[in-house]
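Asks: Please work out how this folds:
(one chain, ligands or ions: 3)
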Amino acid sequence: MLDLKSACYVQVAVPVPMRQLFTYQVPAALQSPPLKIGERVIVPFAGRNLVAVVMHISDQCDIAEHKLKAITTRQSDEYFFSSQELTFLQQCAAYYHHPIGEVFHQALPKLLRQSKTIDIESTELYHVNKSSARCDVPLLQALQKKAPKQFALYQLIAQHQGITWAEIRSLGYSKAQLNGLYNKTLIITKKAEDKSFTWSSCQLNTQDKLSLSVEQALVVSSVLQSQTQFHCHLLEGITGSGKTEVYLQIIEAVLAQNKQVLVIVPEIGLTPQTLNRFEQRFNLPIYLHHSGLNDGERLQTWLAAKKGSAAIIIGTRSAVFSPLVNAGIIIVDEEHDNSLKQQDSFRYHGRDLAILRAKQLNIPIILGSATPSFESLHNALSGKYHHHRLLKRPSKSKEAKIELVNMAEQISEYGLSETLKFEIKQTLARQEQVLIFLNRRGFAPALSCQECHEIIACQRCNKAYTLHQQQQLLICHHCGSQKRVPKQCFQCGSVRLLPLGQGTEQLEQKLSELFTHYSAVRIDRDSTRRKGALAKLLQEVSDKKHQLLIGTQMLAKGHHFPDVTLVAVLDVDGALFSYDFRAAEQMAQLLIQVAGRAGRASKPGKVLVQTRYPQHPLLQDLIHNGYHHFAQQALIERKLAKLPPFSYQVLIRAEANYPHYPEAFLRALTQQSLAHCEYAGPVPAPMEKKAGKYRFHLIVQSPQRKALHFAIKILLDNIKSNPLNNKVRWSIDVDPADLSW
Ligand code: ADP
Ligand code: ZN
Ligand code: ZN
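Replies: Ligands and ions are numbered 1, 2, ... in the order given. As a prediction, the model looks like this:
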């Protein structure tokens, strides 16, 4: 007979891809102090020891005693999830239909997901050595001459008095430079104080504060009016209109109340300049959260958020899980940016979760962008969000002008038109820089006729077919109809049929051949993977070591290039005819973002866009009427086509070694009729074969979010009995942002 007093069971969330909780027994020895909901325990699971999170505690259990395992250990540290955090994470899991254990896993810093106990040391802060500074004027002067970088770092440290290595590194300095100063005893380290901060107003440096324009002031006062309530504000301001200054002044007011601020930026938006701007304004603990930090640094940020010692946290999408104890406001900058959406495993959108979080915490949130996503714009235009616009630039600088180059009238070589080559030559001769965009995101190609420029389209849907090279098939991604790749154009009979967007591959090489006297540099995810690499490359660009910059979308955000006076976008046609209905939106965002970042007042920039379809209404609208107008027009089209944001989508991806499996797996799902929902597919993914696996897509779409979520639950249930369930790998993507893979 079991002693009831010592019977104790927990249901825990385990980091495995299963959508359920698991029950374990708690041995008597581990029952005191009493277990808490939200604490981390270690459980045996399929031969491994995993860190799980306690979700329910009970003294009863329906499972037979001999089938139950016992928890092995309790992670008896102070880092457990508060009930508020638990609720938030459960909402996240429910919304994305993702296994709860994996959601917790995502929310915890790596060191807290490991079964070994960790020894948390406090961060070292660098200060200048006051005693040596006074007497070492000659040493500093010598340093300034011989090691200017070290000297600059010295000045930086003097300015901040207490800066971490992570911050120093993200500002572009090396460990060698830091050690150089340390060995000369010019700087010293102190341990960060491990107590909760309350910050006084003297730490809010109001000296550099700009006096706001009327437009800006209105936004600040509107946001601050209801600081203790959830409100979502969309700040739509052209590049250079002073959005950052608006954020800073709002943040100041929030900090003045001793509340914490969370700022979420796109992966690449977190530049040294951004951090610098915050640090110059606020002499307060600012913590970073991004993929460049090591595990210890990430843990420090997490702990500082939880203890309340972090005043400001600036980070990429996963910073949304920071355990803030005393949050005052959340800001999502460049809210349109795709890197806010995680593209594997737990496919959440950082912006959308930030809104959910702000709602739960009952605090305001600001979404800022020069080119808001259609989702946010729609919510603002329909009155769901407060909509603020900044239409002027406080400085005299102008946005670059966008011009179209008609490729139908040009001979081009490797995607470079004569017009563009001429303009590049001129720009380089003026000692200015050129930025060339490559669309590597691979808008899956449509097939077009080189002679009459007809796009081969599905007759039933009036939408371009997507070319699937490998199978030599044209597939309509709207209705699934297929056709062999034709040999001739239906319109004019020409045999010159080519996919849109060819010829960019040899581009980099070709450019170096054409402009041998200039240095070309490529800035993309591959060339910037190493820590500090991006900062270094950007520095080289601003030092004008390179004249030709070749980049992907990532260069269109967060940077300003005053000496880049020519920007070329080689091919936008793929985006105009893509099966991915967001391609045109993203193309427009890219064009407007780059136009806003090139040139300066004295040297205005130019953006050349190569296209075979210069009369395309979307392009014409964008160039003549600007992004806002373009977006409104495009939203009307979306509404007619019943596409997001006027409907909601879930993408189910499936892959296997044989194409038959994923297709049949998804087709079986479509046998279930669902109220208020439609299926599109299954169709082969645009990239239909990857790493030996055949990939298929099925989209479930509904005008009602509730109906869609209900439907997904039914489908998830059905999957369990799907005969191909164990032959395919499948995943669920709620609000998919990228249909190309
Ligand atoms: P955004 O974030 O909208 O691109 P920024 O906040 O970076 O714009 O501002 C662009 C430039 O305008 C910056 O150099 C900033 O210092 C300047 N600026 C912003 N607000 C003002 C203001 N009220 N008065 C003068 N200059 C301003
Ligand atoms: Zn033709
Ligand atoms: Zn069709």
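Asks: what's the pLDDT at residue 194?
Replies: At residue 194, the model reports a pLDDT of 51.
Asks: One more: residue 309?
Replies: 84.
Asks: wait, doesn't it sit right on residue 286?
Replies: No: with contact defined as CB atoms under 8 Å, residue 309 does not reach residue 286; the gap is 11.1 Å. To be clear about C-beta, it is placed using only N, CA and C from the backbone, and glycine gets the same treatment.
Asks: Could you tell me which residues touch both of those two?
Replies: Here residue 309 and residue 286 have no joint contacts, going by CB atoms under 8 Å, 6 or more residues apart in numbering.
Asks: At the contact with ligand 3, which residues of the stretch 251-400 of the chain appear?
Replies: Residues of the stretch 251-400 of the chain that fall close to ligand 3, judged by CB under 5 Å from the ion: none.
Asks: Can you name the residue of the stretch 51-200 of the chain nearest to ligand 3?
Replies: Among the residues of the stretch 51-200 of the chain, residue 97 lies nearest to ligand 3; the distance is 28.3 Å by CB to the ion.
Asks: for this structure, longest strand please?
Replies: When the chain is parsed with DSSP state E, its longest strand is strand 678-690.
Asks: Need the residues that contact that one.
Replies: Outside strand 678-690, the residues within contact range by CB under 8 Å, 6+ apart are 442, 444, 466, 468, 470-471, 475, 477-480, 579-580, 653-655, 659, 662-663, 666-667, 670, 694-702, 739-741.
Asks: please redo it, this time with the cut-off set to 7 Å
Replies: 444, 466, 468, 470, 475, 477-478, 480, 663, 666-667, 670, 694-701, 740-741 (CB atoms under 7 Å, 6 or more residues apart in numbering).
Asks: What average pLDDT does the helix or strand where residue 420 lies get?
Replies: Here residue 420 is covered by helix 418-429, with elements defined by DSSP states H and E. Averaged across helix 418-429, the pLDDT comes to 94.
Asks: Report the buried residues of it.
Replies: 419, 420, 421, 423, 424, 427, 428 (16 or more other CB atoms under 10 Å).
Asks: Residue 437 and residue 609, how far apart?
Replies: Distance, residue 437 to residue 609, by CB to CB, to the nearest Å: 10 Å.
Asks: I should have written residue 656 there, sorry.
Replies: Residue 656 is 41 Å from residue 609, by CB to CB.
Asks: For the two, indicate the residue with more neighbours.
Replies: residue 609 (26 against 20; other CB atoms under 10 Å).
Asks: rewinding a little: mind listing which of the contacts of strand 678-690 are in strands?
Replies: Per DSSP E, strands hold the following members of the contacts of strand 678-690: 466, 468, 475, 694, 695, 696, 697, 698, 699, 700, 701.
Asks: Return every residue with contacts to both of residue 437 and residue 609.
Replies: residue 569.
Asks: want to try CSV for the ones in strands among the contacts of strand 678-690, with neighbour count as columns?
Replies: Output for the ones in strands among the contacts of strand 678-690, formatted as CSV (neighbours: other CB atoms under 10 Å):
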residue, neighbour count
466, 27
468, 21
475, 22
694, 20
695, 21
696, 25
697, 23
698, 23
699, 19
700, 23
701, 19
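Asks: And the residues you listed, which is closest to residue 721?
Replies: residue 698 (17.2 Å; CB to CB).
Asks: pLDDT value on the closest one, please?
Replies: Residue 698 carries a pLDDT value of 96.
Asks: How is the nearest residue to residue 404 once chain neighbours are set aside assigned, secondary-structure-wise?
Replies: Once flanking residues are discounted, residue 404 sits nearest to residue 614: 4.4 Å by CB to CB, 6 or more residues apart in numbering. Per DSSP: H, G, I helix; E, B strand; the rest coil, the local secondary structure of residue 614 is coil.
Asks: now the strands: where do they sit in the stretch 501-650 of the chain?
Replies: 520-523, 548-551, 564-569, 606-611, 648-656 (DSSP state E, counting those that start in this stretch).
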